[in-house]
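Novice: Pasting a predicted model and its sequence here:
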Amino acid sequence: MSFENRGPGPREQGAGGAGQDRRPRRPGGRYVPRRKVCLFCVDKVGHVDYKDIGRLGRYVSDRGKIESRRKMGTCAKHQRSLAVALKRARHLALLPYTAGHIRP
């Protein structure tokens, strides 16, 4: 194996090391996460449609569970309507209840 064909390592690219973090920090040094916004509120969606599988699929984990508000950033109003829409889509077999690799 030739070493000439390999790209620059992490030190040469400037990806690692002290002071290279792109995370916002407070003056005290604590990490401040970026505030999550509800995508339904951003798109001005009044009611979550159970037939919109592309949008609903983002809110289901790989195990088939409904993702939490804390993880996805949805507001309480849209999280409640999202849960109802996901359950309706599952009932009509538009979405699976469980992941494919878990089923017997």
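Specialist: Yep, it's here.
Novice: And the spatially most central residue of the chain, what's its pLDDT?
Specialist: Residue closest to the average C-alpha location in the chain (C-alpha atoms, centre = their mean): residue 72, at 5.5 Å. On the pLDDT scale, residue 72 is placed at 92.
Novice: right, and it touches residue 59 too?
Specialist: Yes: the criterion here is C-beta atoms under 8 Å, and residue 72 meets it with residue 59 at 5.9 Å. Backbone N, C-alpha and C define where each C-beta goes, glycine included.
Novice: and the top helix by length along the chain, what's its mean pLDDT?
Specialist: Identified as the longest helix of the chain according to DSSP state H is helix 76-91. Computed over helix 76-91, the mean pLDDT rounds to 95.
Novice: what comes into contact with stretch 75-87?
Specialist: 38, 40-41, 45, 47-50, 56, 59-60, 66, 69, 74, 95 (C-beta atoms under 8 Å, 6 or more residues apart in numbering).
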